[in-house]
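Enquirer: Show me how the following folds:
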Amino acid sequence: MAVKVRIPTPLQRLTQGKEEVEGKAGTIMDLVLALDKEYPGIAERISENGKIRRFVNIYLNEEDIRFLSAEGTTVKDGDEVSIVPAIAGGGRREAL
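Expert: Predicted coordinates:
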């Protein structure tokens, strides 16, 4: 059994359009680096210098890894990992 990784729409061009891919157990960074071997370019989009980028949220079984051990969080076979880009923006709406 592998780790199920949910890929956000903006990164699916790197995974040949796949919404979900399989990864190997280890730490979150191990998983990211292993995914990059199969889907080149994915690691640089979600990590930098061994850390997950600020604007990328990663959830392990629906729990934010920032509240676990961040990049060092252990991932086991059967776990589900979701990569979610942070969404910001929107402007202030003026009253009429």
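
Enquirer: what does stretch 60-73 rub up against?
Expert: 27-29, 47, 50-52, 57-59, 75, 79-82 (Cβ atoms under 8 Å, 6 or more residues apart in numbering). For the C-beta atoms, the positions are set from N, CA and C on the backbone; glycine is no exception.

Enquirer: who wins for most neighbours among those?
Expert: In terms of neighbours by other Cβ atoms under 10 Å, the contacts of stretch 60-73 top out with I58 at 25 neighbours.

Enquirer: Is it within a helix or a strand, and which one?
Expert: Using DSSP states H and E, I58 sits in strand 56-60.

Enquirer: now that strand, how far from the chain's geometric center?
Expert: 5 Å (Cα atoms, centre = their mean, to the nearest Å).

Enquirer: What average pLDDT does that strand get?
Expert: Strand 56-60 shows a mean pLDDT of 97 in the predicted model.

Enquirer: Following it in sequence, what is the next regular element?
Expert: Following strand 56-60 toward the C-terminus (DSSP H and E): strand 63-64.

Enquirer: List the strands paired with that following strand, with their directions.
Expert: Using DSSP bridges, the strands paired with strand 63-64 are strand 56-60 (antiparallel).
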